[in-house]
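[1] predicted model follows, preceded by the sequence.
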Amino acid sequence: MLSISNLHVSVGDKPILKGLTLDVPAGEVHAVMGPNGAGKSTLGYALSGRPGYEATEGSVEWNGADLLDLDPAERAAKGVFLSFQYPIEIPGVPALTFVRTALNAQRRARGEEEVSAPEFLKLVKAASKALKMDFDMLKRPLNVGFSGGEKKRMEILQMALLEPSLLILDETDSGLDIDALRIVADGVNALRSPERSMLVITHYQRLLDYIKPDRVHVLAAGRIVASGGPELALQLEAEGYDKYLPAAA
Amino acid sequence: MAAVKETIDAVAELERYKYGFTSDVEQEFAPKGLNADIVRFISEKKGEPEWMLEWRLAAYERWQAMEEPTWAAVKYAPVDYQDLFYYAAPKKKEGPKSLDEVDPELLAVYEKLGIPLKEQEVLAGVEGAPRVAVDAVFDSVSVVTTFKEELAKAGVIFMPISEALREYPDLVRQYLGSVVPVSDNYFAALNSAVFSDGSFVYIPPGVRCPMELSTYFRINASQTGQFERTLIIADKGSYVSYLEGCTAPMRDENQLHAAVVEIVALDDAEVKYSTVQNWYPGDAEGRGGIYNFVTKRADCRGDRSKVSWTQVETGSAVTWKYPSCILKGEESSGEFYSIAITNGHQQADTGTKMIHLGRNSKSRIIAKAVSAGKSDSTYRGLVSVHPKATGVRNFTQCDSLLIGKDCGSHTIPYIEARNGSAQLEHEATTTRLSDDQLFYAQQRGLSEEEAVALLVNGFVRDVLQELPMEFAVEAQKLVAISLEGSVG
């Protein structure tokens, strides 16, 4: 269960999130939708602990732990995974090496045994096949020279291998054509389980045709201003965010 | 609480340089200071031929007339050359030295350093035992050389240079100083006068050396300079891969290390020379550490000869080092792959010289500098093309990575092209370790230090790949250790 209560987050001197409250029970998928500049990406960064995104007030509880007390790696070890809107290129580090290093770092942090090379390779082969990724691509430096779609698939592949319990997807549909979107969504849906909570951050309703949310929240000017079932997303698609803007301002 | 933190930091500091221990080995010293008598003392200790003593004395005379160079972008307290010991050797019985005759204390030192001095295992066919022949130099003398007999079967000579001077005087005389003349520079002249040991390698024509050769240098004694001399001769059509490693105890004083390495490659010969330099870098405040003033040069005398320098420089307080190639032979080829990592108060001025004299000679330079803390790193490189050398090609790439705000990095390329047909390429980049990359890696579960290590290893990967396998793994770990505490 993710429980965000009255969260205020500033970047530099600028307040972005202003009292955001949101609960995501285990096993549920919640969508956070909102206009540009509402603080959607800030929410993802704040939950994952990006330096420079300072929580000035409020709390974030995840399975009993106060996330705000933990550094990014500790949060990752507790199962927090942020799929980046713009995945970062890591020159000189093969994707395979990167993911294995990350997986073992998390396992060590949890007091588990590291994954052996053959075991890891088996896991990667299965996961990349499911995402229709060329295995040879994983020998290349992570994300360097990858297309937008390949980068997003790479994020989902990492998610599948790291097996997080709190999945935050930041604009995962941006830059994807319809075929890639379907593959990525299948990958995400395969990870749905009664133990996992998912937060799908998106501007457009399109992604939610493929990843069906249990609840939809509207984020505007740093707060959740409306919540509802999946029908809320369709309504937003039809009517736009206009009616939430004056209320927030 | 503050006191607890201090203790933790102090312990962390100790662990960072894990080779910082001193060993209680009984040693004998030459009297402190430098004069002609000390030069005679060293020569006599080594039982050298008369011509060698004269060679040394001539070098000493030249050195006295020379001045310490000041052009490098490094600052350090002046060295008092009269306040040093020029000879320190573990006391031992006469004559070398099979492994079972070596002082167990010494073997324990190398064991602790992780240097494989065991040949029995390999000879007995123990699986996974590294097949590397090692010459272990402890302060001023070589204490043991492994695999000598097996190498001799292939005709390869691998022994301390002091021994070679007695056993193969003509060979040594023919080549010693022929690549780095005694008067080449201040530190080379000093080395020529007082060097006490180092390795000698000769690979006969057409022989591919059956194993990696390695020399491991250890400075142990206090107030002692280490002056080693290495001479490698690759005869026609031969091949050898040679590794060099170095460590020293942690001391408050600065210690001088002034080595000379000469390589001669005849027709179609190939030499691969790899260094992992991990001298004590000084503490967090910049106290102590090794002054590493080294002259390394290869003479690609033969047609189609090839010499490749690969260096991973993580240690020393001050580094002044330019492994170079004189490309005399037609179609000869020189390579320089370098990783220079500086942290704390370290300073490094390092690079290479590629002197193209032969037609169609080519060279390749890949230099990666990583600077952190308050350190300063300079790449200084020369590519020179002689008027008669047609068809020369060079490719140079210098990349610098900065970690934090207080470090510096500089690239100073010198290019002298006196032949219009030369094709010279130079690329240079400077980047700062990006917050985006750091956060991305941390989000996936890496601690800040693991993230830095991974990103830096990615940055230097092109060069790491040039190292022999066992060394590459060590070097990768070293990269991580030397950058601990560089962020945050």
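    Yep, it's here. Numbering: from 1, shown residues only, chains lettered A, B, ... in the order given.

[2] every contact and neighbour count from this point should use C-alpha atoms.
    Will do.

[3] end to end on stretch B:314-333, go ahead and measure it.
    27 Å (CA to CA, to the nearest Å).

[4] find the residue at the geometric middle of chain A.
    Using CA atoms, centre = their mean, the residue of chain A that lies closest to the mean C-alpha position is residue A:168, 2.1 Å off.

[5] ok, now how distant is it from chain B?
    Distance, residue A:168 to chain B, by CA to the nearest CA, to the nearest Å: 12 Å.

[6] residues touching that residue, list them.
    Residue A:168 makes contact with A:44, A:80-83, A:198-201, according to CA atoms under 8 Å, 6 or more residues apart in numbering or on different chains.

[7] before we move on, which element is it in?
    Taking DSSP states H and E as the criterion, residue A:168 maps to strand A:166-170.

[8] helix, strand or coil: sort out residue B:451 for me.
    Three-state assignment for residue B:451 (DSSP: H, G, I helix; E, B strand; the rest coil): helix.

[9] okay, now it: neighbour count?
    Residue B:451 has 25 neighbours, counted by other CA atoms under 10 Å in any protein chain shown.

[10] tell me how far it lies from chain A.
    In terms of CA to the nearest CA, residue B:451 sits 9 Å off from chain A.

[11] what residues does chain A have near chain B?
    Residues of chain A that fall close to chain B, judged by CA under 8 Å from any CA of the partner chain: A:48-51, A:72-77, A:81-82, A:88-93, A:101-103, A:105-106.

[12] hang on, residue A:6 packs against residue A:18?
    Yes: between residue A:6 and residue A:18 a contact is recorded at 7.5 Å, counting by CA atoms under 8 Å.

[13] in chain A, which spans are helices?
    For chain A, applying DSSP state H gives helices covering A:40-48, A:72-77, A:95-109, A:117-130, A:148-162, A:178-190, A:231-239, A:244-248.

[14] ok so, going back, residue A:6 and residue A:18: which has the busier surroundings?
    More crowded of residue A:6 and residue A:18, by other CA under 10 Å: residue A:18, with 20 against 16.

[15] how about the more buried one, what does it touch?
    By CA under 8 Å, 6+ apart, the neighbours of residue A:18 are A:6-9, A:221-223.

[16] find the residue ranges of the stretch 151-300 of chain B scoring beneath the pLDDT cut-off.
    Across the stretch 151-300 of chain B, residues meeting the criterion (pLDDT under 70) sit at B:219-223, B:246-252.

[17] nearest to chain A: which residue in it?
    Using CA to the nearest CA, the closest approach of the stretch 151-300 of chain B to chain A is made by residue B:276 at 20.5 Å.

[18] helix, strand or coil: sort out that residue for me.
    strand.

[19] looking at it, it is touching residue B:311, isn't it?
    Yes: assessed by CA under 8 Å, residue B:276 is found in contact with residue B:311 at 6.0 Å.

[20] circling back to that earlier point, among the helices of chain A, which is nearest residue B:165?
    helix A:95-109 (48.5 Å; CA to CA).

[21] buried residues in the closest one?
    A:95-107, A:109 (16 or more other CA atoms under 10 Å in any protein chain shown).

[22] farthest-separated two in those residues?
    A:95 and A:109, at 21.2 Å, using CA to CA across these.

[23] distance check, residue A:27 against residue A:193.
    6 Å.

[24] please apply the same query to residue B:305.
    Taking CA to CA, one finds residue B:305 at 63 Å from residue A:193.

[25] more neighbours: the two, which one.
    With neighbours defined as other CA under 10 Å, residue B:305 and residue A:193 compare such that residue B:305 has more, 31 against 14.

[26] confidence score at the more buried one?
    Per-residue pLDDT puts residue B:305 at 98.

[27] who's in contact with residue B:163?
    Contacts of residue B:163 (CA under 8 Å, 6+ apart): none.

[28] gap between the two ends of stretch B:284-294?
    Calculated as CA to CA, the first-to-last residue distance of stretch B:284-294 is 24 Å.

[29] ok, stretch A:105-123 next?
    First residue to last in stretch A:105-123 (CA to CA) measures 17 Å.

[30] would you mind listing what in chain B touches chain A?
    B:436-437, B:439-448, B:454-455, B:457-462.

[31] can you do 6 Å?
    Neighbours of chain A within chain B, by CA under 6 Å from any CA of the partner chain: B:442-447, B:458-459, B:461.
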